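A.B. asks: Here's my sequence, what's the structure:
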Amino acid sequence: MSTSPALERLLARAETVLSRLESLLPHAAAAPDWSASVAFRYRRRGTSGTVEPVRHVASIRLADLKEIEPQKERLVRNTEQFVQGRSANNVLLTGARGTGKSSLIKACLNEFAPRGLRLIEVDKADLVDLPDLVDLVAARPERFVVYCDDLSFDEGEPGYKALKSILDGSVAQSSDNVLIYATSNRRHLLPEYMKENLSYTHTEDGEVHPGEVVEEKISLSERFGLWISFYPFSQPEYLAIAAQWLRHFGVDEPTIAAAASESLVWALERGSRSGRVAYQFARDFAGRGGQPAPAKPAKPPDDDPPQGLDRV
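C.D. replies: Numbering: from 1, shown residues only. Here you go, the predicted structure:
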């Protein structure tokens, strides 16, 4: 039975409309080539998510990280348990900036990748898709760390609730081959205000249950089973880290000793004695072949007298 030309045109238009609607509907992320890398990124592309292999994985090793031995020992132990298939915790690494939180996670990946550890980096804005991502890797033989760098939330962000549920709150149990490692400069991941402490005061028009505002603030961070704190470095610790990175870039020991004062000046100008600053100094110093930094031009004298004083 043949169809009329009018009906064929109608069917063609209907198929066009349906194809456009399908492109607007959300789609589950497709599995990547898991053999392409040991690290992956999850990214939203319109209404769909994609898992992309990282072609050039950071090469940092555990031996490169100095002056954070207690933190290193705790994260390595937890990751070792996870890779061996034993119980392990989700981890929140918090503290001073530039002290090695992210570098330690990358170094653990390089340490345990030959034994099946894989890492998937997820931006804060994409955490709403975390349940789908967990389902995607649930049947894989590898062990996956979902990595969230510099994590913090503002009030009402959707990723906050999604992360709470996947950590310890959803009716569905998370896959045993997935852990979440997150770094943050905020211990409780949310901004905290002085006025929230006032909820503990008893007034006629105060809250019925004082303190619940604060309880809500800390409920997310408490769902991480392991907290690892990082602290600002002292001057000797900073110098030791700078020396380690100079060795990494092939600088000889006499030159390293001579560069100590210059590394302190570098830190003073940056206003921080962090591991990141030490690494940046070492890159600069090694890049110019250990030559002294060019002197800064002197500030020209001010011919004008200070305000409020007349010329003599």
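A.B. asks: Model confidence for residue 124, exactly?
C.D. replies: At residue 124, the predicted lDDT confidence score is 81.
A.B. asks: which ones are touching residue 83?
C.D. replies: Going by Cβ atoms under 8 Å, 6 or more residues apart in numbering, residue 83 touches 112, 115, 116, 117, 143. Quick note: C-beta positions are derived from backbone N, CA and C, even for glycine.
A.B. asks: of those, closest to residue 237?
C.D. replies: Proximity of these to residue 237 was ranked by Cβ to Cβ; the top entry is residue 112 with 26.5 Å.
A.B. asks: So, low pLDDT: which residues of the stretch 51-200 of the chain?
C.D. replies: Counting by pLDDT under 70, the ranges of the stretch 51-200 of the chain that qualify are 153-160, 168-174, 187-200.
A.B. asks: swap the cut-off to 80 and go again
C.D. replies: 125, 152-175, 185-200 (pLDDT under 80).
A.B. asks: what ranges do the helices span in it?
C.D. replies: 69-83, 101-112, 130-137, 158-168, 194-197 (DSSP state H, counting those that start in this stretch).
A.B. asks: quick one: buried residues of the longest one?
C.D. replies: Within helix 69-83, the residues that qualify as buried are 71, 72, 74, 75, 76, 78, 79, 80, 82, 83, counting by 16 or more other Cβ atoms under 10 Å.
A.B. asks: Considering these, which is situated nearest to residue 148?
C.D. replies: Residue 148 lies nearest to residue 75 out of those, by Cβ to Cβ, at 14.9 Å.
A.B. asks: which residues touch that closest one?
C.D. replies: Contacts of residue 75 were listed using Cβ under 8 Å, 6+ apart, and they are 91, 93, 104, 105, 108, 228.
A.B. asks: Please identify the most buried of the helices of the stretch 51-200 of the chain.
C.D. replies: Between the helices of the stretch 51-200 of the chain, helix 101-112 has the highest mean count of neighbours, a mean of 22, where neighbours are mean count of other Cβ atoms under 10 Å.
A.B. asks: Please produce TSV containing the contacts of residue 75, extended by distance to residue 177.
C.D. replies: Rendered in TSV, the data for the contacts of residue 75 read as follows (distance: Cβ to Cβ, whole Å):
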residue	distance to residue 177
91	16
93	21
104	21
105	17
108	16
228	22
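A.B. asks: rewinding a little: between the helices of the stretch 51-200 of the chain, which gets nearest to residue 63?
C.D. replies: Judged by Cβ to Cβ, the one of the helices of the stretch 51-200 of the chain that comes nearest to residue 63 is helix 101-112, at 8.4 Å.
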